Each structure stands twice: as C-alpha cells, then as structure tokens.
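Trainee: take this sequence and fold it.
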Amino acid sequence: MFSLLRCFRLQARNPFLARFASRAPPPAANAKNVRLVRILEKRVEDRKRLASELSEDLSSPSDISRLKQLKETEPLQAAWDQLVNTRQLLEETDALLSDPDETMRALATEEHKELSSSLNTLTETTIPSLLIPPSATAKLSAMLELKSGVGGSESSLFLSDLLRMYLRLANVQQWQTAVVSQNENEGGGIKDAIVEVKGDGAYDVLRWESGVHRVQRVPATEASGRVHTSTVAVIVLPLVEESDTTEELFSMDDVKVEVMRARGAGGQHVNRTESAVRLTHIPTGVTVSMQDERSQHQNRRRAFTILRSRLMDIKLTREIAERRATRQSLVRTADRSEKIRTYNFAQERVTDHRIGLTLKNLSSVLEGDGLQDFIYELQKDHDESVLEDMLNAE
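Mentor: Residues are numbered from 1 along each chain as shown. Next up is the predicted model:
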C-alpha cells in the first residue's frame, strides 16, 4: 500500500523538526505526548553529541563507556527515526486526501488511517515506555514478611491464605520459594512468616504488595453469621545475598551479634545448644532474630541475609524520597486505617485502595492468577507517575 501510493506523491518531503514544532499536533497527539516527544528529541541529541565525542580509532579509555551508552540508547534512536518517518509520510498523505482521482483518495484514506494508528502507538505506548528509567532493582529477588494484625485467630487464618496466594503466584512466575521462618497460631493459621522468593524481577513485581491487607468474612467459628474484619501486614524487601551487591550496606563494627539457646518446641537440641542468633544494627536499630535452623551457622547466615535486605530497603526508600516519589508503602502498624487492599468474601470482591480498582474475582486472586491483574495496574500507575515527574521537571 505504502509503495503504491508513494508512486503518486507529488509533494516533496519536508524536514520533520522544522514542521513538528510549527504545526498543530495530529488528533492522536496531545499536550503530554508532545512534551514527551520533546524529551525524546533531547535524548537523541544527547546521543548524537556522545557519538561525536568518540575518538577516531576508539582507543580512548572513555570510549568503552560511551559505546556502552550508545548501545543502551539504540531503542531511543530507533523510536525517533520511526517517529520522523511516520510523521513525514502522514504529512505527504494529507495532500492526497483531496485528490480528484477517487482511487487515489481511497488509497490515501486507508494509508492515512494506518499511519495515524502507528503514530498513536508510538506516542502513547512506545515512547513513554522507553523514557521510563530502567529499574535499579530489576534483577533482585524478594523477601516477604507477613505479620498478623487486627482480628486474632482470624487474622492468622487469613495470613495462611495470603501466604498460599504468594507461593502460587511465585509458582506461576517460575520463581523459587523457601519459607525461612513460620510461627503457627495455637488456634489455627500462622502468626507470622518470612518467605524468600528467588528469581529475576521478583522484587519489582511483589513490591506493590507491601501494606496492610484487610479481609471481611464470616469466620468458621462465628455462629451468628456476623462478618469480621481482620488485617495482615505484608512487607516486601529486596532479597540481597552477599554475592548480589558490591555495595557495602553495613560495617561489621556496627552489628551486635548475640547467640542464645533457641526457645519453643523442637526437642532436646533446642534447649541444649546455643543455635539462636540475634543481630542488631546499631546505627539504625534494626534487629533480626533467627532460630529456625538447627545450627548456629545456618541461623547466622539467614539472619545476615534478612538484615542485608532490610538495610537495602531503607536505602531504596531514602532514595525514592529524595527523588520526590511518594509511592513507597512501608507499613508502620497493622491497623485497618492503613489498608491498601480489601478482600470481601461475601461479595467475591477485591479492592485495591491505592488505585481505586475493584475486581469481582476473589477466588482467582487468592489462587495467584487474578493477583497479576492488580500488579499490572499498579505498575502502570507507577509508570505514569514517573512520566508526570519527568514532565514536571522538564
């Protein structure tokens, strides 16, 4: 279609940059998209300037860094070239929409529609996705801490449901999971649990789950059928193994290490050996206790992994605050007033209060499949906020 119509074009191609700024944007464009195009243009100009700084024989030590940056920004250049070409073709097609030849007008109308659709996809989807900075935590695994809150034994039962939900989601994503710590409730359910979820991108996917989750349902022990409200606090931390980062998150001089006898059920071994470990990071006051493993060495390793993850979380949160992003959702208390999501069993409804999204698929969410719909929308909302910050800083 494009090649046939080009044979009939009489209008010469005009430089894109000169016309885009002077002409009104096409219907597919809006003020936000035009501003994003300007940001893309600046990035492409920066890339061109970077290429001009390369030495002729590429022997300069700084050439390696420049070549790496040029490689990373190739998608930006490709999007810009496609935008320029599509806009030029669209302008040339405009003149043919009023051609006296009926066949030519039909061809021009069809091509104009296709080009407008391509331009819309570029400005609405492709360019915004390329301008969003890559996540610094994209390769990190995750650590989930679940703690029962308001609601007593019903809260512990709901924590069991959430734990199963996250384990099923991890299975769908083909991540590896390990329950590091789990304390059962005498009345049923789980009082608290710590789970490692290992796999690229696990933290970036699960980080939106940090917050207080509220359940509304009739407990099995409720004879009158009255609906109870209970809460569970979920904290998602980046799982940072010692080999995962060259960044020093703490100095051993700042960590107080204590060993003691493990408490609770577990036989003679629990009471006779000092296998339990407690770490205290003195500058921040972060404390980690671990006694689930049989040996002090294993508990010490687990404790340091959790300490490293909590300190990395503090660091990331501080950096987010410094960049004026306000979408961190660290849990202060497991109280109903700080809920991020409500699970209503009677109405088969799940509502995420951060983005106002309600889906009537509670069973699917608890099976892990429907949870992905919320995660997708939360990521989308986050990306839009990043673009807004970018435009405000323009």
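Trainee: doesn't Ile194 fall inside a helix?
Mentor: No: looking at Ile194 with DSSP: H, G, I helix; E, B strand; the rest coil, it is strand, so not inside a helix.
Trainee: in stretch 276-289, what counts as buried?
Mentor: 276-281, 286, 288-289 (16 or more other Cβ atoms under 10 Å). From N, CA and C alone the C-beta is placed, and that goes for glycine too.
Trainee: nope, stretch 116-134 is what I was after
Mentor: Under the neighbour-count rule (16+ other Cβ under 10 Å), stretch 116-134 has 116, 118-120, 122-124, 126-128, 130-131 buried.
Trainee: that one - what's its average pLDDT?
Mentor: Across stretch 116-134, the average pLDDT comes to 90.
Trainee: what segments of the chain are strands?
Mentor: 141-148, 176-184, 190-198, 211-217, 228-239, 255-260, 276-281, 286-290, 339-344, 349-352, 357-359 (DSSP state E).
Trainee: partner strands of the longest one, parallel or antiparallel?
Mentor: Pointing back at strand 228-239 there. Strand 228-239 sits in its sheet next to strand 141-148 (antiparallel), strand 211-217 (antiparallel), going by DSSP bridges.
Trainee: any idea of the angle that strand forms with strand 190-198?
Mentor: On the basis of axes from the mean of the first three to the mean of the last three Cα atoms, to 10 degrees, strand 228-239 is oriented at 30 degrees to strand 190-198.
Trainee: point out where the stretch 201-350 of the chain drops to low pLDDT.
Mentor: 221, 223, 241-247, 263-273, 319-338 (pLDDT under 70).
Trainee: gap between the most far-flung residue of the chain relative to its centre and Ala108?
Mentor: Relative to the C-alpha centroid of the chain, counting by Cα atoms, centre = their mean, Pro100 is the outermost residue, at 53.4 Å. When distances are taken as Cβ to Cβ, to the nearest Å, Pro100 and Ala108 turn out to be 12 Å apart.
Trainee: and the residue nearest to Arg354 when sequence neighbours are not counted, how many residues sit next to it?
Mentor: The shortest distance from Arg354 to any residue other than its chain neighbours is 5.7 Å, reached at Ile340 (Cβ to Cβ, 6 or more residues apart in numbering). Other residues near Ile340 come to 20 when the count uses other Cβ atoms under 10 Å.
Trainee: contacts only, for Ile340.
Mentor: For Ile340, the set of contacting residues under the criterion of Cβ atoms under 8 Å, 6 or more residues apart in numbering consists of 210-213, 329, 352-354.
Trainee: just put these in a markdown table and tack on neighbour count and distance to Leu50.
Mentor: As requested, the contacts of Ile340 are arranged in a markdown table below (neighbours: other Cβ atoms under 10 Å; distance: Cβ to Cβ, whole Å):
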| residue | neighbour count | distance to Leu50 |
| --- | --- | --- |
| Ser210 | 19 | 38 |
| Gly211 | 22 | 41 |
| Val212 | 25 | 46 |
| His213 | 24 | 46 |
| Ser329 | 19 | 37 |
| Asp352 | 21 | 41 |
| His353 | 15 | 44 |
| Arg354 | 17 | 38 |
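Trainee: Asp94: neighbour count?
Mentor: If you count neighbours by other Cβ under 10 Å, Asp94 ends up with 14.
Trainee: ditto for Val179
Mentor: When counting by other Cβ under 10 Å, one arrives at 14 neighbours for Val179.
Trainee: show me what it is bridged to.
Mentor: For Val179, the beta-bridge partners under DSSP bridges are Val195.
Trainee: how close does it get to Ala170?
Mentor: Counting by Cβ to Cβ, the gap between Val179 and Ala170 amounts to 11 Å.
Trainee: please apply the same query to Asp99.
Mentor: Here the distance between Asp99 and Ala170 works out to 59 Å (Cβ to Cβ).
Trainee: try Val195
Mentor: 8 Å.
Trainee: same thing with Asn30?
Mentor: From Asn30 over to Ala170 the distance is 39 Å, taken as Cβ to Cβ.
Trainee: of these two, who's got more company?
Mentor: Taking Asn30 and Ala170 together and counting by other Cβ under 10 Å, Ala170 has the greater number of neighbours (23 against 13).
Trainee: thinking that one is in contact with Ala178, fair?
Mentor: No: when contacts are counted by Cβ atoms under 8 Å, Ala170 is not listed as touching Ala178 (10.2 Å).
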